[in-house]
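# sequence and predicted model, in that order:
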Amino acid sequence: MKNNATMSAKINKASDENLRTALQKLWHLQKQLSLSDSVVEKAAYLYRKSLEKGIVRGRYISTLITTTLYAACVDDFVSKDLKDIANASNETEYDIVRYYKTLTDNITLDKIHADAIEQYDKTLEINPDEGRVLYDKAIECSISENYRDCVSYCDKIIEIYPTDTGTWNLRCSACQDLNEFEQVIECCDVLTKINPKSESAWYNKGNAYYDLKNYKKAIECYDKVTKINPEYFHSWFWKGLAYYDLKNYKKAIKCYDKVTRINPEYDDVWNNKGLAYLNHENYKESIACFDKEIKIDPNYDIPWKNKGLAYHYLKNYKKAIECYDKATKLNPKDSDTWTEKGLSYHYLKNYKNAIECYDKAIKINPKNEIVWHNKGLAYYYLKNYKNVIECYDKAIKINPKNEIAWHNKGLAYYYLENYKKAIVCFNKATDIDAKDGSAWFYKGLANGKFKNYDQAIECYDKVTKLNPKFENIWFGKGWTYSNLGNEKQAIICYKKAIKINPKHSMAHNNMGFSLFLAKKYKDALVYANKAIKFDKNNTNAYETKCVILYELKKYSQSLTAGEKSVKMGSKDKETLNCIKKIKKILKK
């Protein structure tokens, strides 16, 4: 026997012409149904077992081989239903079911693997180079998920038959199951050298590159497949996935279009196409795709969740919540769905319901720092700063380098007027990300409140380098200079804030007060009036206007402004003192 003979050409004569005819039909069905080599190998094995047990006698070979293929699909959880296989084989569903019952009555799929291996061991003791026995044993190891031994047996066969494609395919499949993707590529290279038009070899090679996250190489392999067989929809599907992971959503959609044309009910294609549209920000199209996936399988939670995401991005939060409700009903243990539902409640400003959803997510996965972050944010808007700190402590415990968690924890301490602890948190945030302008800004504010004015200005200087067009930084810097008694520098800063945002009420107010301190009362009054114009509820502006008008000896107007500020809740000592003085003057 020649060393380059393939296993399929080396079938034992005892298998006779019937087996050859059966295998020919099996390979024909493989192409029609785009099935993997491992499924076909299992079907062939089941057929040989049928021969051994005499099940073939008195039955149609065509129907029996179709039934073994159906049994292999069932055993491997391959998504080919009875109707698909019946249509491809021109057999009736009734006959397949009838034969399937006979097959499973005689061969217990769960038990045959161990029995077969034991029998092969005995045969190997007599003739260790018997290729067919080695091959069947390799298959049995694969079926029983003993992939390492499967590879070992394949290697023994390859030593005898180095160009046997069946063995190389089986080895390839076992290496895939072992996640040894470089080995898969090596197997596929041999297979494509033997047969450059082997679509399954190019397909498996593409999948290996995909698993290695080398998406460009994967696409090259899938291109080879679709050039050989343009109707090989599995390859179009995975090519779409590769383009999706490369964030080339347009090309991903084109690939998924090919799949839906060839096989519109292929698993997950509508869901994945919907995700591509979602990332391409075409939310209406994405919803249409998710609806099609839901129509195929209404009990599949993922498209309901993704449909919710699409509605969320359309800012239709109520619709989003309806979709998340469907998803959580189908799968209550998906923490991501509860998180997304919580986020939709958050945007509806229903923070209590948001927290309830986040709690559900945390119960499922307590180590998800994002959920703790979101929960902390919800408590922040409820002004429950102590709970905010607890949530961010959890997030920081999970990930000590979570810069946002340190930042937001600092904010909570800031609003609790614990400026010392706030500064510690902002220091952590800026240590992790020196370009976090917001952390530098609040660190400056906290230092200002703590009367560390020089340090506050240093923080503001950092922000102005990062973002010179942030008006509040100029406002904060101006306020700090004013506290240092440097009104000249304060006025420069307020002018910059007003230039960036001409309607910044507090910048106008503080500018007015700095001018008041510089005894430029008329100019100061202009800015105080502008502050009120842009915010009629600006209590500080009425206080400023009161003291300015007092110095201008416009006592009635000053009293009106002062009393307005008191009515708004002002307790400013200077304003109250000014009101007393005016009342005494007006009495005279």
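Structure received.
# contacting residues for the closest residue to residue 519 other than its chain neighbours?
Leaving aside its chain neighbours, residue 519 sits nearest to residue 551 (7.9 Å; criterion: C-beta to C-beta, 6 or more residues apart in numbering). To be clear about C-beta, it is placed using only N, CA and C from the backbone, and glycine gets the same treatment. Taking C-beta atoms under 8 Å, 6 or more residues apart in numbering as the contact definition, residue 551 lies against 516, 519, 521.
# compile those residues into a markdown table and extend it with columns for neighbour count and secondary structure.
Conversion of the contacts of residue 551 to a markdown table gives the following (neighbours: other C-beta atoms under 10 Å; DSSP: H, G, I helix; E, B strand; the rest coil):
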| residue | neighbour count | secondary structure |
| --- | --- | --- |
| 516 | 21 | helix |
| 519 | 8 | coil |
| 521 | 18 | helix |
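# pLDDT added to those residues, as JSON lines?
Rendered in JSON lines, the data for these read as follows (pLDDT from 0 to 100):
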{"residue": "516", "pLDDT": "93"}
{"residue": "519", "pLDDT": "92"}
{"residue": "521", "pLDDT": "94"}
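# those residues into JSON lines, with extra columns for distance to residue 216?
Output for the contacts of residue 551, formatted as JSON lines (distance: C-beta to C-beta, whole Å):
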{"residue": "516", "distance to residue 216": "66"}
{"residue": "519", "distance to residue 216": "71"}
{"residue": "521", "distance to residue 216": "71"}
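# list just the nearest of the residues you listed to residue 476.
For these, the residue nearest residue 476 by C-beta to C-beta is residue 516; the value is 19.6 Å.
# check the burial of the nearest residue to the closest one once chain neighbours are set aside by counting its neighbours.
If the residues on either side of it in the chain are set aside, residue 516 comes closest to residue 524, at 4.2 Å by C-beta to C-beta, 6+ apart. Applying other C-beta atoms under 10 Å, we find 25 other residues in the vicinity of residue 524.
# which residues touch residue 524?
Applying C-beta under 8 Å, 6+ apart, we find residue 524 in contact with 512-516, 544, 548.
# return the members of the residues you listed classed as buried.
Burial by neighbour count, judged by 16 or more other C-beta atoms under 10 Å, picks out 512-516, 544, 548 from the contacts of residue 524.
# export the contacts of residue 524 as a markdown table, with columns for secondary structure and distance to residue 144.
Written out in a markdown table, the entries for these read as follows (DSSP: H, G, I helix; E, B strand; the rest coil; distance: C-beta to C-beta, whole Å):
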| residue | secondary structure | distance to residue 144 |
| --- | --- | --- |
| 512 | helix | 84 |
| 513 | helix | 83 |
| 514 | helix | 83 |
| 515 | helix | 87 |
| 516 | helix | 88 |
| 544 | helix | 84 |
| 548 | helix | 90 |
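# these: which two are farthest apart?
In terms of C-beta to C-beta, these reach their longest pairwise distance at 514 and 548, which sit 11.6 Å apart.
# for the residue most central in space within the chain, pull up the helix or strand it's in.
By C-alpha atoms, centre = their mean, the mean C-alpha position of the chain lies nearest to residue 336, the distance being 9.2 Å. Residue 336 is part of helix 335-347, with elements assigned from DSSP states H and E.
# for residue 254, same thing?
When secondary structure is defined by DSSP H and E, residue 254 falls within helix 249-262.
# next SSE after that helix?
Sequence-wise, the next helix or strand beyond helix 249-262 is helix 269-279, with elements assigned using DSSP H and E.
# measure how that next one sits relative to helix 249-262, angle-wise.
Orientation check (axes from the mean of the first three to the mean of the last three C-alpha atoms, to 10 degrees): helix 269-279 against helix 249-262 gives 160 degrees.
# check which helices and strands the next helix or strand after helix 269-279 sits against.
Tracing the chain past helix 269-279, the next element assigned as helix or strand by DSSP H and E is helix 283-296. Using 3 or more C-beta pairs under 8 Å, 6 or more residues apart in numbering; DSSP states H and E as the contact test, the elements touching helix 283-296 are helix 269-279, helix 301-313.
# kindly reformat those as TSV containing mean pLDDT.
Converted to TSV, these look like this (pLDDT from 0 to 100):
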stretch	mean pLDDT
helix 269-279	94
helix 301-313	96
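# out of those, flag the one nearest residue 137.
helix 269-279 (37.3 Å).
# what's next to that closest one, contact-wise?
Defining contact as C-beta under 8 Å, 6+ apart, one finds that helix 269-279 is touched by 237, 240-241, 244, 247, 249, 252-253, 256-257, 259-260, 263, 283, 285-290, 292-293, 296, 300, 302-303, 306-307, 309-310, 313.
# and those, which are buried?
237, 240-241, 244, 249, 252-253, 256, 259-260, 263, 283, 285-290, 292-293, 296, 300, 302-303, 306-307, 309-310.
# ok, the residue nearest to residue 519 to residue 531 distance?
Using C-beta to C-beta, to the nearest Å, one gets 17 Å for the distance from residue 551 to residue 531.
# next SSE after the helix holding residue 336?
Reading on from helix 335-347 to the C-terminus, the next helix or strand found by DSSP H and E is helix 351-364.
# what's that next one packed up against?
Contacting helix 351-364 under the criterion 3+ C-beta pairs under 8 Å, 6+ apart are the following elements: helix 335-347, helix 369-381.
# and it, how far from the chain's centre?
Using C-alpha atoms, centre = their mean, to the nearest Å, we find the averaged C-alpha position of helix 351-364 to lie 19 Å away from the chain's own average C-alpha position.
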